[in-house]
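Trainee: the following comprises the amino acid sequence and a computationally predicted model.
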Amino acid sequence: MVAVRQVPVYFYSSKSGMVRQFANALGRPVFDIGERDVRQSVPDGPWVLLTPSYKTGNLDNDTIPEPVKRFLRDPQTRRRLVGVMGSGNRNFGSHYQAAARDIARRSGRPVLFEFELQGTQWDVEDARDMLEQLDARFAERAAAQ
């Protein structure tokens, strides 16, 4: 039996560590875009972005964290992106999940999952299930080639 490749999750987390906590609970390869060497690397295949959104207080300001923007500058990295997951705070109103939704819109990739703050145990389980389904789809495609 051939092992199924787990689609890695590249994430950015603020000092609060809430997104890092969620990413680490997913039980798969995760990479912190806040680390320079990760930010300067290129994923070797399909990957998922996990990003927080921050309220900036100014509708003209971008809610996408700067390290995420830098990581997405590489064309090959953008091509291999298969979807976006977002963390947000409902108190931010219209800014809730703004970064994930904006990146998805700009890239033409889907928002795969959204959760509030660090998420719940049920959010983690649902995200794991969704990512396992994604793994299986890519494995099927690879087997068909």
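Mentor: Yep, that arrived.
Trainee: in the chain, where is pLDDT below threshold?
Mentor: 1-3, 55-62 (pLDDT under 70).
Trainee: can you pull out the helices in it?
Mentor: In the chain, the helices defined using DSSP state H lie at 18-24, 36-39, 66-71, 75-80, 98-107, 121-144.
Trainee: quick one, what contacts Gly34?
Mentor: By CB atoms under 8 Å, 6 or more residues apart in numbering, the contact list for Gly34 reads 12-13, 67. Where you see a C-beta, it was placed from the backbone N, CA and C, and this is true even at glycine.
Trainee: which single one of the residues you listed is nearest to Glu140?
Mentor: Tyr12 (30.1 Å; CB to CB).
Trainee: and that closest one, what is it in contact with?
Mentor: 19, 32-34, 50-52, 65, 67-68, 71.
Trainee: tell me the phi and psi of it?
Mentor: Tyr12 has phi and psi values of phi -120, psi 140 when expressed as degrees, to the nearest 10.
Trainee: spatially nearest residue to it, not counting backbone neighbours?
Mentor: Ile33 (4.5 Å; CB to CB, 6 or more residues apart in numbering).
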